[in-house]
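# Generate coordinates for the sequence data below:
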Amino acid sequence: MDTRLLKHFLSLADLLHFGRAAEACHLSPSALSRSIKQLEDELGVTLFERDNRSVSLTHEGQLFINYARDTLLQWDEIRHSLQQEAQELHGEVSMYCSVTASYSFLYELLSEFRRTYPKVEIKVHTGDPDLAINRVLSGAEDIAIAAYPQSLPGELAFKPIARSPLLFIGPRQHHDWQQLAEAPASAENWQHLPMIIPEVGLGREWINAWFYQLGCSPNIYAQVAGNEAIVSMVSLGFGIGVVPRIVLDNSPLQEEVRILAVEPALPAYDVGLFTLNKKLKNPLINAFWQQISARFPQ
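Presented below is the predicted three-dimensional model:
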């Protein structure tokens, strides 16, 4: 929007002198005169009475002053408002995590981001944590919370936020076979202990590796999809389970099970955020990632 004519008019209306008004507008007097003439032609009225010695406002010029000042004021206000609006981030970020991760991490991850960028819509989907990385790779989600895999695909970025031990758990109620679990680990003992283990995923890979090092295969009582269900089955006395510490800490049944002192211990999970490297070029994802980097420095 070209507001120069209004500014030129107001300058001349204030100073009532072509030379001084032209200098204030960084124009020559003849250029200022052409601006005023153009404005008068567009309005169809005379705004100034002028002769060789003086310049004065006409009645129409007096009326036009209020319009010109109000228009410039409103223009400055809307321009400033629009510029501020453009600097604020807008849009949508989708995130995937397990129910346990939502209890453990979402408040800390999202509360500050929400305050900083109130116009960014955050959509959270929960489900099996073993699906998290594939959902990011497929483009179904922008960000996922999951455990760091044994091999990270090159197209993914990872930001660690927590470390969670992988625990052997048994029922709170005493069972004779639990003593075998806490005795020095041996293939003879463990090949008879009923195990409740995840169907797939990083936890299953580490359990298989643990038994391989022990020299036997697990005696599988049940293979379960979802760590929360493992805690439930263990609490009922069906066998020994393996779950991340964060799952146990958030389980309503944590008082119904106990952590078993098993040696050697299983590895710990590195839990964190995943996104595609190329998505870090997106201002929304980058803003989220930078805020998490500040909160959880490596």
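# use CA for all of it now, contacts and neighbours both
Fine.
# Which secondary structure elements does the helix ranked longest in the chain sit against?
In the chain, ranked by residue count with DSSP state H as the criterion, the top helix is helix 59-87. Counting contacts by 3 or more CA pairs under 8 Å, 6 or more residues apart in numbering; DSSP states H and E, helix 59-87 packs against helix 4-15.
# Give the rounded mean pLDDT of the next helix or strand after the helix it packs on.
Sequence order places helix 18-24 as the next helix or strand after helix 4-15, per DSSP states H and E. Average pLDDT, helix 18-24: 90.
# what about the chain, any weak spots by pLDDT?
1, 80, 82-87, 175-176, 294-298 (pLDDT under 70).
# which parts of the longest helix of the chain are buried?
Residues of helix 59-87 classed as buried under the neighbour-count rule (16 or more other CA atoms under 10 Å) are 61, 64-65, 68.
# so which two of the residues you listed are the farthest from each other?
Farthest pair in those (CA to CA) is G61 and A68. Separation: 10.1 Å.
# which phi and psi does R245 have?
Dihedral angles of R245 (phi, psi; degrees, to the nearest 10) stand at phi -60, psi -40.
# I'd guessed it sits against I169; true?
No. In this structure R245 lies outside contact range of I169 using CA atoms under 8 Å: 10.0 Å.
# Between the two, tell me which one has more neighbours.
Set side by side, R245 and I169 show more neighbours around I169, with 26 against 18, by other CA atoms under 10 Å.
# In TSV: the buried residues of helix 59-87, plus distance to E40.
TSV is the format used below for the buried residues of helix 59-87 (distance: CA to CA, whole Å):
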residue	distance to E40
G61	10
F64	11
I65	13
A68	13
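# Straight-line length of stretch 178-192, end to end?
11 Å (CA to CA, to the nearest Å).
# At which residues are the strands of the protein located?
Ranges of strands in the chain, per DSSP state E, are 48-50, 55-57, 91-97, 120-126, 143-147, 156-171, 194-198, 219-224, 240-244, 257-259, 268-276.
# Quick check: can you name the pairing partners of the longest one and their directions?
Applying DSSP bridges to the sheet, strand 156-171 is found paired with strand 240-244 (antiparallel), strand 257-259 (antiparallel), strand 268-276 (antiparallel).
# Equivalent analysis for the fifth one, please.
According to DSSP bridges, strand 143-147 has the following sheet partners: strand 91-97 (parallel), strand 268-276 (antiparallel).
# Need the winner for burial among these.
Scoring the strands paired with strand 143-147 by mean neighbour count under mean count of other CA atoms under 10 Å gives strand 268-276 as the most buried, with a mean of 21.
# Identify all contacting residues around that strand.
Residues outside strand 268-276 that contact it (CA atoms under 8 Å, 6 or more residues apart in numbering): 133, 136-137, 142-148, 155-166, 244.
# Narrow those residues to just the buried residues.
133, 136-137, 142-148, 156-161, 163-164, 166, 244.
# quick one: contacts for A101?
With contacts defined as CA under 8 Å, 6+ apart, the neighbours of A101 are 145, 246.
# separation between it and L137?
Counting by CA to CA, the gap from A101 to L137 is 19 Å.
# do the same with L273
Counting by CA to CA, the gap from L273 to L137 is 13 Å.
# which ones are touching the closest residue to V93 other than its chain neighbours?
Nearest residue to V93 in three dimensions, chain neighbours excluded: I122, at 5.0 Å (CA to CA, 6 or more residues apart in numbering). When contacts are counted by CA under 8 Å, 6+ apart, I122 touches 92-95.
# Also F64?
Contacts of F64 by CA under 8 Å, 6+ apart are L47.
# same thing but at 10 Å, please
Contact analysis of F64 by CA atoms under 10 Å, 6 or more residues apart in numbering lists 6, 9-10, 43, 47, 57-58.
# beta partners for the closest residue to I220 other than its chain neighbours?
The shortest distance from I220 to any non-neighbouring residue, by CA to CA, 6+ apart, is to M195 (4.7 Å). Counting by DSSP bridges, M195 is bridged to I220, I240.
# Please shift the residue numbers so they start at 348 in all later answers.
Shifting the count to begin at 348 puts that one at M542.
# can you count the residues close to M542?
M542 has 23 neighbouring residues, counting by other CA under 10 Å.
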